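**Q** Fold the following.
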Amino acid sequence: GRGYKRQVPYRWTRLDALDAPSRLVHRYGTEAPLLAALGGEDPALLEPVLPNLPVTGAELAWAVRHEGALDAGDLLDRRTRIGLVAADRAAALPAAEALLPRAALH
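**A** Okay, here's the model as predicted:
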């Protein structure tokens, strides 16, 4: 608005130049390198939660640390939509439950 200073400077970034997997760039935009960096803490986070789905442990950790996900249901049903398929939800539930306390500690 008129008379207000811009609080956050704009920085334009070409998404195809980001150092992150294209799937993460498509879903998370300029924050994708931050998700990819979670693999530096724990390389297993870059692996898919389920072999047949591309969602990674880093995405679950990100949802806990930066999006306010509080429980496994929130992770699977709202943040990643894995829960849309009951069999996928059941298969991913142990991974989500195991990741919650580890992700929350950071």
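**Q** Let me see the contact set for the one residue sitting closest to the centre of the chain.
**A** The residue lying closest to the centre of the chain (Cα atoms, centre = their mean) is E59, at 2.3 Å. Contacts for E59 were tallied using Cβ atoms under 8 Å, 6 or more residues apart in numbering; they are 24, 27, 35, 79-80. Quick note: C-beta positions are derived from backbone N, CA and C, even for glycine.
**Q** These in strands, which ones?
**A** Helix and strand membership here follows DSSP state E; of these, not one is in strands.
**Q** For those residues, which two are the farthest from each other?
**A** Using Cβ to Cβ, the pair of these lying farthest apart is L24 and R79, separated by 13.9 Å.
**Q** Next one: the residue nearest to W62 when sequence neighbours are not counted from E41, what distance?
**A** Nearest in space to W62, with sequence neighbours left out and distances taken as Cβ to Cβ, 6 or more residues apart in numbering, is L35 at 5.2 Å. When distance is defined by Cβ to Cβ, to the nearest Å, L35 is 11 Å away from E41.
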